[in-house]
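Peer 1: Sequence and predicted model, in that order:
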Amino acid sequence: MTLTLHEPYRLATAEDAAQLADLVFFAGEGLPLVVWQGLAGPGEDPWEVGRRRQAAKAMAGEIIVADHDGHAVAGLTGYVIGPDPEPIPDDMPALFRPLQELENLAPDSWYVNVLATYPGHRGRGLGSGLLGIAEELARNEGLALMSLIVADSNTGARRLYDRHGYGEVARRPCEKDGWESEVAEWILITKPLGTG
């Protein structure tokens, strides 16, 4: 990651794992817990699975956080979506199929996978700052498009992205598949870089 970060932003460390798992849970509208439950061994706490996964990503330098008094209070992860759509296997769980379908509609983009802030730290510009960092990472990769998927029920996040020039591209119904959630639809939004 060729990027100079300034306070309060820094690369996450393995010590941030508990906060990172919380942030992923917030960003994913609770869906990550379903994934962690599926990965947990007999008697294993699914949250421990989430913390372990986030610690590994932090150690690989894949997560940027906003720091407050030595604690991660907001976080960003993302990745490059290449030019070719990912095949969707027949056995992909219905819960995840619409998300992959939407990702496939944003080739050659930098995809914001997680952007979340602890509730007590919202409204302080941390999400906007992380979004700016994501856009800088995209430019460093030579990409001209940002993309992300947001839940229709997440009005706060949708307002943030609207303010930063992101627009709706497509929607897919959320297939609950036993998952209890207020999400009715997933929305793909994108932003061409160099605008907004």
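Peer 2: Done, it's in. Numbers count the residues shown, from 1 in each chain.

Peer 1: going forward, measure contacts between C-alpha atoms and count neighbours the same way
Peer 2: Noted.

Peer 1: secondary structure element for the nearest residue to residue 102 once chain neighbours are set aside?
Peer 2: Once flanking residues are discounted, residue 102 sits nearest to residue 188: 6.0 Å by CA to CA, 6 or more residues apart in numbering. Taking DSSP states H and E as the criterion, the element that holds residue 188 is strand 185-192.

Peer 1: who's in contact with the longest strand along the chain?
Peer 2: For the chain, the longest strand by residue count, based on DSSP state E, is strand 71-81. Outside strand 71-81, the residues that touch it by CA atoms under 8 Å, 6 or more residues apart in numbering are 12, 16, 19-20, 23, 62-67, 103, 106-118, 121, 126-127, 130-131, 134, 138.

Peer 1: Adjacent strands (with direction) for that strand?
Peer 2: Strand pairing for strand 71-81, using DSSP bridges, gives strand 64-68 (antiparallel), strand 109-117 (antiparallel).

Peer 1: contact partners of the shortest one?
Peer 2: Contact with strand 64-68 is made by 7-12, 72-77, 126, 130, as judged by CA under 8 Å, 6+ apart.

Peer 1: how about it: buried residues?
Peer 2: 64, 65, 66, 67 (16 or more other CA atoms under 10 Å).

Peer 1: and the contacts of strand 71-81, which are buried?
Peer 2: Here, 16+ other CA under 10 Å leaves 12, 16, 19-20, 23, 62-67, 103, 106-117, 126-127, 130-131, 134, 138 buried among those.
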